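Enquirer: Fold the stuff below for me.
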Amino acid sequence: MSIDERDLPLFLGMSTRAARRGSAWDILGLTTLLISPFFPQTLTGLQCVMGLSRRFLHAPGNYSFRLLLTDQSKPTHQAWIDQTISFRSAEAGPTMSAEQASFAMPPGSPDGTPIPFSWQQVSLLQEPTSIEIFVMPAPPLPVWQPCQVLVELEFEGTRYPRGEFICAFSPPPPLNEEERRAIASRPAAKKTIRASIACKVCGSEASYYTQLNPSDPRPPDLPSDAIRLDQAPSSWSCTCGLNSMELVYMKQGLHDLLRRAPSASASDPIMQFIPLYEAGRIQDIIGNYEQLIETTTDEEPVQKFLEEHPVFWAFLSPVKILHKPSVLTKKKADFGILTTHKILHLVEIEKPNTRLTNQDGSISAEIQRGADQIRDWQLVVGDHRLALLSELGLKESEVQEIRYLLIGGLARRTPATGLTKLRRSPLAPATDFCCFDELASFLNTFAGELRRL
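Expert: Residues are numbered from 1 along each chain as shown. Below is the predicted model of the structure:
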């Protein structure tokens, strides 16, 4: 097929997500500047957004080409994807279909008058230089450091530059202890990330890892040559000298992957993950917890268990978990849970063996004391909200609402009518109530989700 270089697909940018909706494209995050919190990584999962000259929409036929990406700082680092574009003329039928634009038009007007098909009915741009958008998966280029990436089309043995984009670095904030606990509350959390790099020419390899909890012992399933990232040198070079990489971008930002939901496939050539909760681990935690709340008569062992197993707070979707946060008084909450919805929950726990209701169905004195404690907090929050957030190390912009959670007793030891009355009673404003065995029920739901991952 004869083709004019000017009419070859033009690179418009990279997109994080794109989908065709009838005759329109929904494109998310179109840009020629990709900002990353770490390197190395691949471009797998992104889309290349291309523009095609409208002249070809009127010329039936097809042609094949190769979309090629090249790291201009390391010209030997390339990746490509092969594509074939076919154009077919629309054919008359029950509807008049224009396959090039993925839409269909009725063959007549409401009054029965035939409507001749033409591009004027579906497009405002009729100039020969106007373009149609189409999207293809990005070639899996491994990017080792900030760079410019050249986008080329290879057609009939000739390469044509079609644009470029920039991969830039922006270091993410470090993880603090409150955020580590929140990450550990996710059933699909990762406890270790390992990054592997290699030279295809001489076979030199290197492997580095970072952990969610730096004080944890070295995972036994890591390769023996894997180096802890904070103990790694500042750079790596292969034996033959063709490849080298500054490790500063990995040292400053690899931990950001711990914040993200799992997305990389098991075949990722660079990143490998070790889950925090192996299959069956959550069920073991639930079993130990159930035994504890059935036998203990004290609050402290349960407090300690929940501190050690933040996964029980998964139902709140935490971004930070605070232990024993001060409420600007000598009193302290048992937990502070800041959620993804910017709600700060101050949590008060009673004993698992706390009686929830009296024989006459009224709320027990133990639960009422917990509710009174929450009312005291609410007075402090109402008068000194900003001071409280400052005391807890939280910014005003992080918290839109403050709510309260009272946990006590066991639902299975309480009559159904008593539980109903307890839940309907306004213990305190903006206050929720749940039982210790209900926390286990929440976690059972997440354990089922984990088994499906």
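
Enquirer: Spell out which residues make up each domain of the chain.
Expert: Using automatic domain parsing, the domains assigned to the chain come out as 5-90+128-169, 190-275, 281-451.

Enquirer: doesn't Gln368 make contact with Leu422?
Expert: No: applying Cβ atoms under 8 Å, one finds Leu422 not in contact with Gln368, separated by 10.7 Å. For glycine as for every other residue, the C-beta is placed from the backbone atoms N, C-alpha and C.

Enquirer: Between those two, which is the more surrounded one?
Expert: Higher neighbour count among Leu422 and Gln368: Leu422, with 22 against 13, using other Cβ atoms under 10 Å.

Enquirer: average pLDDT across stretch 216-226?
Expert: What stretch 216-226 shows for mean pLDDT is 91.

Enquirer: is Thr84 in a bridge, and if so with what?
Expert: Ser64 (DSSP bridges).

Enquirer: shouldn't Val347 be in contact with Val327?
Expert: No: look at Val347 against Val327 with Cβ under 8 Å: they stay out of range, at 11.5 Å.

Enquirer: Low-confidence ranges, this protein, go.
Expert: 1-3, 55-62, 86-129, 262-268, 279, 447-453 (pLDDT under 70).

Enquirer: what's the overlap in contacts for Val347 and Val327?
Expert: Ala333 (Cβ atoms under 8 Å, 6 or more residues apart in numbering).

Enquirer: Check the offset of the lengthiest helix in the chain from the chain's centre.
Expert: Criterion DSSP state H: the longest helix present in the chain is helix 365-391. Relative to the chain's own centre, helix 365-391 is displaced by 34 Å; criterion: Cα atoms, centre = their mean, to the nearest Å.

Enquirer: Tell me the first helix or strand C-terminal of that helix.
Expert: Using DSSP states H and E, the helix or strand that follows helix 365-391 in sequence is strand 401-407.

Enquirer: Report all helices and strands that that following strand contacts.
Expert: strand 343-349, helix 365-391, strand 431-434 (3 or more Cβ pairs under 8 Å, 6 or more residues apart in numbering; DSSP states H and E).

Enquirer: In whatever helix or strand comes next after that strand, which residues are buried?
Expert: Sequence order places helix 416-424 as the next helix or strand after strand 401-407, per DSSP H and E. Within helix 416-424, the residues that count as buried by 16 or more other Cβ atoms under 10 Å are Gly418, Leu419, Leu422.

Enquirer: One more: stretch 317-335?
Expert: 318-323, 325, 327-328, 332-335.

Enquirer: In helices, which of those appear?
Expert: Per DSSP H, those never map to helices.

Enquirer: Around Lys191, count how many other residues there are.
Expert: 18.

Enquirer: go on, Ala440?
Expert: 17.

Enquirer: for it, what are its contacts?
Expert: By Cβ under 8 Å, 6+ apart, the neighbours of Ala440 are Ile286, Tyr289, Glu290, Ile293, Phe312.

Enquirer: Make sure the third one is indeed in a helix.
Expert: Yes: going by DSSP: H, G, I helix; E, B strand; the rest coil, the assignment for Glu290 places it inside a helix.

Enquirer: which residues touch it?
Expert: Asp437, Ala440.

Enquirer: Would you quantify the distance from it to Arg281?
Expert: As for Glu290, its distance to Arg281 is 15 Å (criterion: Cβ to Cβ, to the nearest Å).

Enquirer: before we move on, what about the last one?
Expert: In this structure, Phe312 and Arg281 are separated by 13 Å, where distance is defined by Cβ to Cβ.

Enquirer: Same check on the fourth one?
Expert: From Ile293 across to Arg281, the span is 19 Å (Cβ to Cβ).

Enquirer: These two: which is more packed in?
Expert: Ile293 (20 against 15).

Enquirer: phi, psi of the more buried one?
Expert: Note on Ile293: its backbone torsions stand at phi -70, psi -20 [degrees, to the nearest 10].

Enquirer: Over to Ala314?
Expert: phi -60, psi -30.

Enquirer: Just give me the neighbour total for it.
Expert: 23.

Enquirer: Tell me how far it lies from Thr445.
Expert: Distance from Ala314 to Thr445, by Cβ to Cβ: 9 Å.

Enquirer: Show me the helices in this structure, by range?
Expert: Under DSSP H, the chain gives helices at 177-184, 248-253, 281-295, 300-308, 365-391, 416-424, 436-451.

Enquirer: Can you tell me which of those is most buried?
Expert: Each of these was scored by mean neighbour count; the highest is helix 177-184, a mean of 21, by mean count of other Cβ atoms under 10 Å.

Enquirer: which other helices and strands contact that one?
Expert: Looks like helix 177-184 contacts strand 318-323 (3+ Cβ pairs under 8 Å, 6+ apart).

Enquirer: Apply 10 Å and report the result again.
Expert: strand 190-198, strand 318-323, strand 335-339 (3 or more Cβ pairs under 10 Å, 6 or more residues apart in numbering; DSSP states H and E).

Enquirer: would JSON lines of those with distance to His255 be doable?
Expert: Shown next, in JSON lines, are the helices and strands packed on helix 177-184 (distance: least, Cβ to Cβ, whole Å):
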{"stretch": "strand 190-198", "distance to His255": "8"}
{"stretch": "strand 318-323", "distance to His255": "15"}
{"stretch": "strand 335-339", "distance to His255": "19"}
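
Enquirer: Let me know which of the ones you listed is the nearest to Leu153.
Expert: Leu153 lies closest to strand 190-198 among the helices and strands packed on helix 177-184, at 28.9 Å (Cβ to Cβ).

Enquirer: related to what we said a few turns ago, which neighbours do Leu422 and Gln368 share?
Expert: When contacts are counted by Cβ atoms under 10 Å, 6 or more residues apart in numbering, Leu422 and Gln368 are jointly contacted by Ser362.

Enquirer: got the contact list for Ser397?
Expert: Lys342, Leu389.

Enquirer: hmm, back to that, find residues that contact each of Ala314 and Thr445.
Expert: In contact with both Ala314 and Thr445: Pro187, using Cβ under 10 Å, 6+ apart.

Enquirer: starting at the chain centroid, how far to stretch 302-319?
Expert: 20 Å.

Enquirer: hang on, I meant stretch 212-225
Expert: The answer for stretch 212-225 is 24 Å, by Cα atoms, centre = their mean.

Enquirer: Please apply the same query to stretch 355-375.
Expert: With Cα atoms, centre = their mean, you get 41 Å for stretch 355-375.

Enquirer: same thing with stretch 243-254?
Expert: Worked out by Cα atoms, centre = their mean, stretch 243-254 lies 22 Å from the chain centre.

Enquirer: End to end on stretch 305-321, go ahead and measure it.
Expert: 14 Å (Cα to Cα, to the nearest Å).

Enquirer: ugh, wrong one, I meant stretch 355-369
Expert: 12 Å.

Enquirer: residues making contact with that stretch?
Expert: Against stretch 355-369 from outside (Cβ under 10 Å, 6+ apart): 348, 350-351, 353-354, 370-371, 406, 408-411, 413-415, 417-422, 425, 427, 433, 435.
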